[in-house]
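>>> Fold the stuff below for me.
(4 chains)
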Number of protein chains: 2
Amino acid sequence: MDERRARIVAAAREELLSERRFTLDAVAERAGVSRVTLYALCGDRDALLEAVYDDLAASGGLLRIPDAFAFSDNASALETLVTIFCHFYSVHRSLIRRLHALGAVGAGELAGHAARNARRRNILAALLHRSGVDDERLLDTLQALTSFAFIDELAGPGRTPDDVAGEVANLVGLAVADRVPGGSRGRPAEQGPESETT
Amino acid sequence: MDERRARIVAAAREELLSERRFTLDAVAERAGVSRVTLYALCGDRDALLEAVYDDLAASGGLLRIPDAFAFSDNASALETLVTIFCHFYSVHRSLIRRLHALGAVGAGELAGHAARNARRRNILAALLHRSGVDDERLLDTLQALTSFAFIDELAGPGRTPDDVAGEVANLVGLAVADRVPGGSRGRPAEQGPESETT
DNA sequence: CTAATCACTGTACATTACGTACAGTGAAAA
DNA sequence: TTTTCACTGTACGTAATGTACAGTGATTAG
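Numbers count the residues shown, from 1 in each chain, chains lettered A, B, ... in the order given. Below is the predicted model:
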């Protein structure tokens, strides 16, 4: 049953957010399911972790990406895009952290992660291309600036998601302006009130 | 014997760089030592990993940090500092990556990592302070930009250490110039004279 | 010369978690 | 009624961690 599978993934998610060591037994118990069923429905450990990751990405947050392209102003579009990513990462920060730490992402080089990275790169590239920019190096930089690793690092212990998003957006803007000739980037002065263009 | 311990740490290092799964048995065998001895000399798994991390940091590369402070020009000093960090991270990239992936750093929150992070922050703060800047937020940004996570992300698959170092130094320079009033940064500013800084 | 200490070895054991095999059960469909 | 299906409980094999214990060879102390 699909609903059973969903329950298992949800249980895994909760278990990941707990302090305890991540164990399939614990997940199965929390989901009210035998461990054998867990293996049958979700595959092995790595498959389950990837399922959690997929579920996370699919469960919203990144759906608003097309909104960014609605802006005719390239700078605003880029800023919106950055904000969407930052928000997503900030909200699910501890979960993604845990997934990274468990090797679901990174060392394991799970297919899903690479694919998502490539997708993010494509989105950034599209936006850059729309601005008439074709700079691989800049693209690398933007990719790194909008990566979870960087945003997580920047967030540190005490920093609000909005704060982090603003900082990343600012850095992205600076990086772009540094490389694009006609950079019509109208970044507001720092002491000025945040012009939240929701 | 101290020399035995060093051999174990070296063996662990080599084992980490191999593709194989990291196992104490393998380390002991490679070091030509019984596993019991390994436990006696290096403690448990986490302790061994931290020992590798310590050994890495101590074995040079970060020794040139004082050089950065020799520059009277603040921009050059900062750039030198960034280059030192980048170089260190780039050279030992795969090893540090593996250590991260194994949870020696991050989830485990090993004492050594937090301490080293704090130390890096202090160094950056000192340099900033010397420049007459006291901006916690900027400090956060520089810390994130010079973190291993970001540099690793930026390096991607095909990028030379020098290339990465240059890019990070550039970003650091931009971030500083964006916040410091008398930013005498040699970086060519774009035509937009956004000197609205108080 | 003998004894004691020391560093290390080999083996063996308990523990935990993973992944799989197998037989069984209750319900729904043929 | 029989078959199929989804799931359960149990049990097993494997791998790795960490610890206990007895023993060995060399160096040092008495």
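
>>> Tell me where the model's unsure across chain A.
In the predicted model of chain A, residues A:104-111, A:182-198 satisfy pLDDT under 70.

>>> try it again with 50
Confidence mapping of chain A against pLDDT under 50 gives the ranges A:107-108, A:184-198.

>>> where does it come near DNA strand C, residue by residue?
Listed as neighbours of DNA strand C in chain A under the rule Cβ under 7 Å from any atom of the strand: A:21-25, A:35-36, A:39, A:44-46. In short, each C-beta sits where N, CA and C put it, glycine included.

>>> ok, residue A:137 - contacts?
When the contact criterion is Cβ atoms under 8 Å, 6 or more residues apart in numbering or on different chains, the partners of residue A:137 are A:179, B:167.

>>> The one helix or strand it maps to to helix B:136-145, inter-axis angle?
Residue A:137 is part of helix A:136-145 when elements are defined by DSSP states H and E. Interaxial angle of helix A:136-145 relative to helix B:136-145 (axes from the mean of the first three to the mean of the last three Cα atoms, to 10 degrees): 110 degrees.

>>> moving C-terminal of helix A:136-145, what's the next helix or strand?
On the C-terminal side of helix A:136-145, the closest following helix or strand by DSSP H and E is helix A:148-155.

>>> which other helices and strands contact that next one?
Under the contact criterion of 3 or more Cβ pairs under 8 Å, 6 or more residues apart in numbering or on different chains; DSSP states H and E, the helices and strands touching helix A:148-155 comprise helix A:74-91, helix A:93-101, helix A:161-179, helix B:136-145, helix B:148-155.

>>> a markdown table please, covering those helices and showing distance to DNA strand D.
Compiled in a markdown table, the helices and strands packed on helix A:148-155 are given as follows (distance: least, Cβ to the nearest atom of the strand, whole Å):
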| stretch | distance to DNA strand D |
| --- | --- |
| helix A:74-91 | 30 |
| helix A:93-101 | 16 |
| helix A:161-179 | 35 |
| helix B:136-145 | 31 |
| helix B:148-155 | 24 |
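
>>> Comparing those, which stretch has the densest surroundings?
Compared across these, helix B:148-155 shows the largest average neighbour count, a mean of 24 (mean count of other Cβ atoms under 10 Å in any protein chain shown).

>>> In what element of secondary structure is whatever residue of chain A ends up closest to DNA strand D found?
In chain A, the residue that lies nearest DNA strand D is residue A:37 (2.9 Å; Cβ to the nearest atom of the strand). Taking DSSP H and E as the definition, residue A:37 sits inside helix A:35-42.

>>> Could you export that helix as PDB, CA atoms only?
Listed next in PDB are the C-alpha coordinates belonging to helix A:35-42 (Å, rounded to 0.1, in the frame of the first residue of the first chain):
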ATOM      1  CA  ARG A  35      11.100  -4.200   9.500                       C
ATOM      2  CA  VAL A  36      10.600  -6.700   6.700                       C
ATOM      3  CA  THR A  37       7.800  -4.500   5.400                       C
ATOM      4  CA  LEU A  38      10.000  -1.500   5.500                       C
ATOM      5  CA  TYR A  39      12.600  -3.300   3.300                       C
ATOM      6  CA  ALA A  40       9.900  -4.400   0.900                       C
ATOM      7  CA  LEU A  41       8.400  -1.000   0.500                       C
ATOM      8  CA  CYS A  42      11.400   1.300   0.700                       C
END
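
>>> can you pull the contacts of the closest residue to residue A:138 other than its chain neighbours?
If the residues on either side of it in the chain are set aside, residue A:138 comes closest to residue A:179, at 4.9 Å by Cβ to Cβ, 6 or more residues apart in numbering or on different chains. Under the criterion of Cβ under 8 Å, 6+ apart, the contact partners of residue A:179 comprise A:133, A:135, A:137-138.
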